[in-house]
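> When you get a sec, could you give me coordinates for this:
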Amino acid sequence: MKTIAQRELRNDNAKVIDAVQAGETFIITRNGEPVAELRPARVSRSTFVSREELTALAVSGVRIDRHQFRADLDQQIDQGL
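The predicted structure is shown next:
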């Protein structure tokens, strides 16, 4: 991860975008303070699941421990909301 000043980003934006496209991540700073992170976009998986995929998952016998699942959710979600 590299750090780059806002001024440098403005002056060399094509070069920085090329570097991000190649997989690099930058922390953008203003007056020496970090203000943003510039990183490659994640390619998300389609939310559609075909009938065949769903059947294969069901047949594979994957079991979820509901107590552990709930504990994992509680750990990740802000309970103050």
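
> So I28, which state does it fall into?
strand (DSSP: H, G, I helix; E, B strand; the rest coil).

> What is the burial count for it?
16 (other Cβ atoms under 10 Å). In short, each C-beta sits where N, CA and C put it, glycine included.

> May I have the beta-bridge partners of it?
I4, A36 (DSSP bridges).

> What's the separation between it and L38?
6 Å (Cβ to Cβ, to the nearest Å).

> now do I4
8 Å.

> what's the neighbour count on T47?
5.

> show me where this protein has helices.
6-11, 13-21, 51-59, 66-76 (DSSP state H).

> wait, which of those is closest to E33?
Nearest to E33, of all the helices of the chain, is helix 6-11, at 10.2 Å by Cβ to Cβ.

> Now that closest one: average pLDDT?
Mean pLDDT, helix 6-11: 85.

> Name the residues that touch that helix?
V16, F26, I28, T29, R30, V35, L38 (Cβ atoms under 8 Å, 6 or more residues apart in numbering).

> Show me what counts as buried in that helix.
The neighbour-count check on helix 6-11 (16 or more other Cβ atoms under 10 Å) flags L9 as buried.

> From the chain's centre, how far out is it? Work that out for me.
How far helix 6-11 lies from its chain's middle: 24 Å, per Cα atoms, centre = their mean, to the nearest Å.

> picking up where we left off before, what is in contact with I4 and L38 at once?
Contacts common to I4 and L38, judged by Cβ under 8 Å, 6+ apart, are V16, F26, I27, I28.

> I am finished for the moment; much appreciated.
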